[in-house]
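1. sequence and computational prediction follow.
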Amino acid sequence: MTLLFFVLFFIVFGKMIGFAFRATWGIFKLMTYIVFLPFILVMLVFGGLLYIAFPLLVVVGLFSLIVKD
């Protein structure tokens, strides 16, 4: 009975850990797209690196049009 408990215990908590990793990855992607990427682009423009910011913006824009998540 104890062995069955530990097997089921690890199955349940293993699935919970997997869900936690998937949720964390989703939150990280959301923060990257909404917060970090625009911040980086604005800082590049303010830093005078428009020739880097504009192609980066075009590449990310095309990528977001092609890939539907």
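-> Noted; the coordinates are in hand.

2. ok, then the element right after the helix or strand hosting residue 24?
-> For residue 24, the host element (DSSP states H and E) is helix 2-31. Next helix or strand after helix 2-31 toward the C-terminus (DSSP H and E): helix 37-46.

3. which helices and strands does that following helix pack with?
-> With contacts taken as 3 or more Cβ pairs under 8 Å, 6 or more residues apart in numbering; DSSP states H and E, helix 37-46 sits against helix 50-66. The C-beta positions use only the backbone N, C-alpha and C, and glycine is treated the same way.

4. contacting residues around the helix it packs on?
-> 37, 41, 44, 45 (Cβ atoms under 8 Å, 6 or more residues apart in numbering).

5. swap in stretch 3-12?
-> Taking contacts as Cβ under 8 Å, 6+ apart, no residue outside stretch 3-12 touches it.

6. burial of residue 58, as a residue count?
-> 10 (other Cβ atoms under 10 Å).

7. generate a ChimeraX selection restricted to the buried subset of the contacts of helix 50-66.
-> Buried residues among the contacts of helix 50-66 (16 or more other Cβ atoms under 10 Å), as a ChimeraX selection:
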select :41,44
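
8. about what we covered before: could you check the angle the helix holding residue 24 makes with helix 37-46?
-> Going by axes from the mean of the first three to the mean of the last three Cα atoms, to 10 degrees, helix 2-31 is angled at 30 degrees with respect to helix 37-46.
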